[in-house]
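K.L.:
model the structure of this input:
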Amino acid sequence: MNDHLAPLLTPEGHALLAEVRGTAPADELAVATRLRRTHPAELVSAALAQARLRQRAAAKFGEADADRMFFTPNGVEQSTRASVATYRAERLKTLGVSSVADLCCGIGGDAIALARAGIRVLAVDRDPVTARTARANADALGLADLIEVREADVTEVDTAGWDAVFVDPARRGGRGRVFDPEAYSPPLSWAVGAASTARVAALKIAPGIPHETVPADAEAEWISDAGDVKEAVLWFGTEPGAVRATLLPGPRTLLGRGLPDPEVRPVGRYLYEPDGAAIRAHLVAEVAEELDGGLIDPTIAYITADALHATAYATPYEITDQLPFNVKKLKALLRERGVGILTVKKRGSAVEPEELRRKVKPQGPNSATVFLTRVAGAPTMLVGHPARP
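P.N.:
Predicted structure coming up:
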């Protein structure tokens, strides 16, 4: 968006954004040709680009907000989903936080949620375009009184006087995603130091962070939304050493109790697929205890049980068949059952779902789910269907 943001904030820019709202990709050329007769070409291009970004952002921010906000390509990709930001803001509010220094604020997704929770925010980002976009979003949503946007290097910002610090370091570099926490920008060690300046702190990190790198005085929380793991957060000033998995919508939170690994059992009538947040948080044992279940393999996060239990932390399937891995046998079984709608899930298998689907060529009116996995170390196919308690 570079120098295209300012023109979009003018009355002409706002009117043009309203006019191109919802433009389908196939219609862009015709719309652009028509509008360029009465508007500057660069402004038309900027408005259409912004309309595309708003359409993409609707999944994260909701259509009502996305249609009023401003985005950069990176901002859409890297910003926090609104449901997750709202949950975190409410948790900070419950902790008695009334002001937050939001470091590496991006386009302002978390700052918006914090302000809507009634929390005063200092939103800091060193990139000029990103900072201007965050400021425009605070204005667009009527939150400018609660959000101060500052263009600065976060490592040079004094956070003294703020109740809490929230840090969302960049986890992408020139070659894509960065997995080493010390390669974040700024590094995790710096963020941990910044956390010590406030009564409460939350540091957003990649869900795949090794557990051994979590500081001993931090609480670690993994968050999923509608079954998809979105992020992990290190909390300071809450419950040192605690580990939790939080599921949205809800929220529903599973707190770790340090249970030993579940025992391995033969496959029972039901197979449970734990939520990704519980798996990432290493809380499969806590889920298994709730289900009175065990594992099908010591290295696989599938839980088996003989009874059907209602749980928020795992999805149940009724298993009808257990086969050694054999594509021909599976194909024959599916043909016999008239299965044309086949869902393929894998854990502990090198076979790709699409590859298997091509080989078995499912046909018929019925549906089934096949799990490509290991049972007690042996490559196995489990066939079943979703179960509803």
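K.L.:
make it CA atoms for all contacts and neighbour counts henceforth
P.N.:
Will do.
K.L.:
got the end-to-end distance for stretch 34-48?
P.N.:
This stretch, stretch 34-48, spans 12 Å end to end (CA to CA, to the nearest Å).
K.L.:
how far is it from where the chain is centred?
P.N.:
Here stretch 34-48 shows a centroid-to-chain-centroid distance of 35 Å under the convention CA atoms, centre = their mean, to the nearest Å.
K.L.:
mind starting the numbering at 29 from now?
P.N.:
Yep, numbering from 29; the last one is stretch 62-76 now.
K.L.:
which residues does it contact?
P.N.:
Identification of contacts with stretch 62-76 by CA atoms under 8 Å, 6 or more residues apart in numbering yields 29, 32-33, 35-36, 41, 44-45, 48, 51, 56, 60.
K.L.:
from those, which is closest to E364?
P.N.:
T51 (47.1 Å; CA to CA).
K.L.:
tell me if I'm right that that closest one and A79 touch.
P.N.:
Yes: counting by CA atoms under 8 Å, T51 touches A79, with 7.3 Å between them.
K.L.:
more neighbours: which of the two?
P.N.:
A count of neighbours by other CA atoms under 10 Å puts A79 above the other of T51 and A79, at 25 against 14.
K.L.:
not counting its neighbours along the chain, what's nearest that one?
P.N.:
R49 (5.8 Å; CA to CA, 6 or more residues apart in numbering).
K.L.:
among the contacts of stretch 62-76, name the buried ones.
P.N.:
Of the members of these, the ones counted as buried by neighbours, 16 or more other CA atoms under 10 Å, are 29, 32-33, 36, 41, 44-45, 48, 56, 60.
K.L.:
and the furthest pair within the residues you listed?
P.N.:
Farthest pair in these (CA to CA) is L33 and E56. Separation: 19.7 Å.
K.L.:
of the buried ones among the contacts of stretch 62-76, which is the nearest to I237?
P.N.:
The closest of those, once distances to I237 are taken by CA to CA, is M29, at 32.0 Å.
K.L.:
quick check: pLDDT value at the closest one.
P.N.:
Per-residue pLDDT puts M29 at 43.
K.L.:
where along the stretch 129-278 of the chain do the helices fall?
P.N.:
Assigned by DSSP state H, counting those that start in this stretch, the helices in the stretch 129-278 of the chain fall at 137-144, 156-168, 216-223.
K.L.:
point out the most buried one among those helices.
P.N.:
Among these, helix 137-144 has the highest mean neighbour count (mean count of other CA atoms under 10 Å), at a mean of 25.
K.L.:
and that one, what does it pack against?
P.N.:
Counting contacts by 3 or more CA pairs under 8 Å, 6 or more residues apart in numbering; DSSP states H and E, helix 137-144 is packed against helix 110-122, strand 148-153, strand 175-179.
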